[in-house]
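Asker: sequence plus predicted model, see below.
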Amino acid sequence: MDILHLSTSDIDNGGARAAYRLHDGLRSIGCTSKMLVRAKFSSDPTVIPEGSPLTKLGPPISGLPLRLYPKCNSSMFSTQWFPDVLAKRVSQFNPDIVHLHWICNGYLRIETLPKFSQPLVWTLHDMWPFTGGCDYNRDCEKYKKSCGECPQLESSRASDLSRWVWNRKAKFWQNANLTIVATTSWMADCARSSSLFKNRRIEVIPLGLDTEKYKPINRQVARELLNLPQDKQLVLFGAINSTSDARKGFQFLLPALQRLSVSGWKDQIELVVFGASKPEKPIDLGFNTHYLGRVHDDISLALIYSAADVMVVPSVQEAFGQTASEAFSCGTPVVAFDGTGLKDIVDHQQNGYLATPFEVDDLAKGIAWILEDGERQQKLRFEARQKSLREFAKEVQARRYLSLYEEIKGASVSEGFVKSS
């Protein structure tokens, strides 16, 4: 089976890392797998930069329509109108399956998708594929119809940029040989409720990771290497732009920590944050805080997870939540809200704690519940690691996808035979 993955990049963000991990997993079980990317950050020879002059122009020019909406966060909205040469490049590889991942930031034009002759699989790393341009809908449900009057554009017009993007997707994707894969049941339900994907086949396959790289490391050793205290309970929070992106939930973690601080935990807990550097004007979190900045390599991340007593992932919306599955693989229990993709990862009071959305008191209660009982914490750590091995190992994910590829390829060959006869 020959698979070609299309992804804007390979390892520089969550969606890219997820795509690369699948690519790596497929190769580990004997598949021929390559990645074609706009921006390459790894040294892996099976990751190929797309390389055309259009590649450099895509990101800045693709965002030009958003200048009509100056209040919109351009990093959260993508129009994908700028031309590309991907149909020609993909034909040169001639794979059995073209697997789409996160393809925004000026990489793959909406109109290009039906030009691929191969069956398509698309893994949903966010909601963009079935919205009018936003990566997450927040509280808006217009993607269930045809978008327009987009709150993220702060638009009051029905025929706005989001309606234009939605119309293009509806027109050019309607006859595509496309199978959708959601990483959690929540994302699958969102896709099924959308006007664009309601009639599509939608499967659920969790994201995978290398459980030999992400594995428990002696806590004392991990803390010594990271220069973290040995005599405190460490609460970990991490994400790209973890303290500035409201979707990541820092606004809930902050008051939860402050409440723990005044309820008897002040001298027992310290906080560790990765994905953000120490701000010029530090926020009073109620505890001493260690900022580790941006972390890219797997070994450093495994050390960080292993050093912590509990990982908190208070996201408002999350397609999956790789920081939670990574923490699990290192044997660290997770506290999260009982909503969106994270509820597929965390099993309440079995390997972590699911707090009532978005109740700060229950979030604080969950952190305390894990920390207050050492024997319980050890059981949670064991169960977290076992779930990772059972559900999130890269080989498990790869075999699930291989089964899907083979089914899709077989069906396509059969349909082609029927049509030609």
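Answerer: That came through fine.
Asker: elements contacting the helix or strand harbouring Leu225?
Answerer: Element membership for Leu225 (DSSP states H and E) is helix 219-226. Here helix 219-226 touches helix 298-307, going by 3 or more C-beta pairs under 8 Å, 6 or more residues apart in numbering; DSSP states H and E. (Glycine included, C-beta is placed from N, CA and C.)
Asker: and this structure, what are its domains?
Answerer: The record assigns the chain these domain ranges, following automatic domain parsing: 2-208+394-420, 219-392.
Asker: reformat those as a markdown table; add mean neighbour count.
Answerer: Listed next are those as a markdown table, based on neighbours: other C-beta atoms under 10 Å:
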| stretch | mean neighbour count |
| --- | --- |
| domain 2-208+394-420 | 19 |
| domain 219-392 | 20 |
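Asker: ok, back up a step: relative to helix 298-307, how tilted is the helix holding Leu225?
Answerer: 130 degrees (axes from the mean of the first three to the mean of the last three C-alpha atoms, to 10 degrees).
Asker: what strands flank the helix or strand following helix 219-226, and is each parallel or antiparallel?
Answerer: Following helix 219-226 in sequence order, the next helix or strand is strand 233-238 (DSSP H and E). Here strand 233-238 has these sheet partners by DSSP bridges: strand 269-274 (parallel), strand 310-313 (parallel).
Asker: name the residues that touch the last one?
Answerer: Surrounding strand 310-313, the residues in contact under the criterion C-beta atoms under 8 Å, 6 or more residues apart in numbering are 233-239, 249, 253, 305, 321, 323-324, 327, 332-336, 342, 363, 367, 370-371, 377.
Asker: could I get the CA-only coordinates of the helix holding Leu225 as CSV?
Answerer: C-alpha atoms of helix 219-226 as CSV (Å, rounded to 0.1, in the frame of the first residue of the first chain):
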residue,chain,number,x,y,z
ARG,A,219,10.5,11.1,38.4
GLN,A,220,13.5,12.1,40.4
VAL,A,221,15.8,11.8,37.4
ALA,A,222,13.4,13.8,35.2
ARG,A,223,13.2,16.6,37.7
GLU,A,224,16.9,16.7,38.2
LEU,A,225,17.5,17.1,34.5
LEU,A,226,14.9,19.8,34.2
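Asker: average pLDDT across it?
Answerer: The average pLDDT for helix 219-226 rounds to 98.
Asker: cool, and stretch 258-265?
Answerer: Regarding stretch 258-265, the rounded mean pLDDT is 92.
Asker: same thing with stretch 19-38?
Answerer: If you average the pLDDT over stretch 19-38, you get 97.
Asker: same deal with stretch 178-194?
Answerer: For stretch 178-194, the mean per-residue pLDDT is 98.
Asker: now the end-to-end length of that stretch.
Answerer: End-to-end span of stretch 178-194 (C-alpha to C-alpha, to the nearest Å): 15 Å.
Asker: and for stretch 59-71?
Answerer: The straight-line separation of the ends of stretch 59-71 (C-alpha to C-alpha) is 19 Å.
Asker: which outside residues touch that stretch?
Answerer: For stretch 59-71, the external contacting residues (C-beta under 8 Å, 6+ apart) are 72, 74, 77-82, 105-106, 153-155, 160-161.
Asker: what stretches of the stretch 301-421 of the chain score poorly on pLDDT?
Answerer: 412-421 (pLDDT under 70).
Asker: the helices in it, which residues?
Answerer: Along the stretch 301-421 of the chain, counting by DSSP state H, counting those that start in this stretch, helices occupy 322-329, 360-371, 374-387, 394-420.
Asker: got those helices as JSON lines, with distance to Asp210 columns?
Answerer: Formatted as JSON lines, those follow (distance: least, C-beta to C-beta, whole Å):
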{"stretch": "helix 322-329", "distance to Asp210": "8"}
{"stretch": "helix 360-371", "distance to Asp210": "26"}
{"stretch": "helix 374-387", "distance to Asp210": "14"}
{"stretch": "helix 394-420", "distance to Asp210": "5"}
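Asker: if we ignore the residues flanking it in sequence, what's nearest Leu178?
Answerer: Nearest residue to Leu178, sequence neighbours excluded (C-beta to C-beta, 6 or more residues apart in numbering): Leu120, at 4.6 Å.
Asker: contact partners for the one you found?
Answerer: Contacts of Leu120 by C-beta under 8 Å, 6+ apart are 97-100, 113, 176-179.
Asker: out of the residues you listed, which is nearest to Thr46?
Answerer: When the contacts of Leu120 are compared for distance to Thr46 (C-beta to C-beta), His99 wins out at 13.7 Å.
Asker: which phi and psi does that closest one have?
Answerer: phi -110, psi 110 (degrees, to the nearest 10).
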